[in-house]
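Engineer: coordinates only, no sequence provided:
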């Protein structure tokens, strides 16, 4: 487990250096303005001297420019600090299993006399669905298990699969995919399949902070479909997460 691009953390002091450079630039601008103003006053027409209103206007313009430069420097420092804080917050996710878009579930051979390990995953819905059906398929495309999840609410809904087929027999170890069909009063509800994967590293680039997953996938921290508070409540470790959200109840459809 590693933190990629550690220069981002050392960049915490960048706002200070930026402010120092901006202060020098602002001081130079003021000196140039005052030098030009004095030169203008020394060379003005004695018969038509500069009016007080004109002098006041020029001083006000210089004050406005100086204020804008200081405001830009402050905003730049806040943006840099926010990016550093996001990176530090993301490092706390290393070693945790998080939800990300995916539809692959991997089962392992259980110990003798024990049931297969429960597979946890989730379904994200943009709205309420009155009828949600989940199908588990093997590598040949054959449906080995149909789960009638019933109604699901908008957002992330946790689901579990016991690693068995419709007959209650443990499936062989391997990779399986699942599909989600959701509808509400006959109208299709677009569902997003989510699976758990362990965070191996975090990386900061031009697009922001990215989570590098053990599965090989990458997801942006700001574009992740699952709220950060949900991810932080997952159990740490490779044995599989236990979502703190209540798992949606599902019923096995018995084969006809």
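Structural biologist: Perfect, I can see it now. Since the model is a prediction, treat every value here as computed from it, not as a measurement.
Engineer: end to end, how far does stretch 163-183 reach?
Structural biologist: Separation of the first and last residues of stretch 163-183 by CA to CA, to the nearest Å is 25 Å.
Engineer: how far does that stretch sit from its chain's centre?
Structural biologist: 29 Å (CA atoms, centre = their mean, to the nearest Å).
Engineer: buried set for it?
Structural biologist: Going by neighbour count (16 or more other CB atoms under 10 Å), the buried part of stretch 163-183 is 163-165, 171, 176, 178, 180, 182. Yep, even glycine has a C-beta here, placed from its N, CA and C like the rest.
Engineer: so which elements touch the lengthiest helix in the chain?
Structural biologist: Determined from DSSP state H, the single longest helix within the chain is helix 52-91. Counting by 3 or more CB pairs under 8 Å, 6 or more residues apart in numbering; DSSP states H and E, the packing neighbours recorded for helix 52-91 are helix 7-10, helix 14-42, strand 192-205, strand 208-213.
Engineer: pLDDT below threshold where in the stretch 1-150 of the chain?
Structural biologist: Across the stretch 1-150 of the chain, the ranges flagged by pLDDT under 70 are 1-27, 29, 50, 52, 55, 79-83.
Engineer: recalculate using a threshold of 50.
Structural biologist: Under the criterion pLDDT under 50, the flagged ranges of the stretch 1-150 of the chain are 1-19.
Engineer: repeat that for the stretch 151-256 of the chain.
Structural biologist: For the stretch 151-256 of the chain, applying pLDDT under 50 flags the ranges 225-256.
Engineer: what segments of it are helices?
Structural biologist: In the stretch 151-256 of the chain, helices defined by DSSP state H, counting those that start in this stretch lie at 228-232, listed in chain order.
Engineer: please enumerate the strands of it.
Structural biologist: For the stretch 151-256 of the chain, the strands defined by DSSP state E, counting those that start in this stretch cover 155-161, 174-184, 187-189, 192-205, 208-213, 218-220, 251-252.
Engineer: between the ones you listed, which gets nearest to residue 105?
Structural biologist: Checking the strands of the stretch 151-256 of the chain against residue 105 by CB to CB gives strand 174-184 as the closest, at 5.0 Å.
Engineer: the closest one packs against which elements?
Structural biologist: strand 104-107, strand 119-125, strand 129-137, strand 187-189, strand 192-205.
Engineer: what's the spacing between that strand and its chain's center?
Structural biologist: Remark: strand 174-184 is offset 24 Å from the chain centroid, using CA atoms, centre = their mean.
Engineer: in the sheet, which strands lie alongside it, parallel or antiparallel?
Structural biologist: strand 104-107 (antiparallel), strand 129-137 (antiparallel), strand 187-189 (antiparallel) (DSSP bridges).
Engineer: okay, the angle between that strand and strand 155-161?
Structural biologist: 140 degrees (axes from the mean of the first three to the mean of the last three CA atoms, to 10 degrees).
Engineer: so which of the strands paired with strand 174-184 is the most packed in?
Structural biologist: Mean neighbour count (mean count of other CB atoms under 10 Å) peaks for strand 129-137 among the strands paired with strand 174-184, with a mean of 19.
Engineer: contacts for that strand?
Structural biologist: 105, 123, 125, 143-152, 157, 159, 161, 176-185, 189, 191, 248, 250 (CB atoms under 8 Å, 6 or more residues apart in numbering).
Engineer: sorry, back to before: need the buried residues of stretch 163-183 in a markdown table with distance to residue 69, can you?
Structural biologist: Shown next, in a markdown table, are the buried residues of stretch 163-183 (distance: CB to CB, whole Å):
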| residue | distance to residue 69 |
| --- | --- |
| 163 | 63 |
| 164 | 67 |
| 165 | 69 |
| 171 | 66 |
| 176 | 60 |
| 178 | 56 |
| 180 | 54 |
| 182 | 54 |
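Engineer: biggest separation within these, which pair?
Structural biologist: 171 and 182 (24.0 Å).
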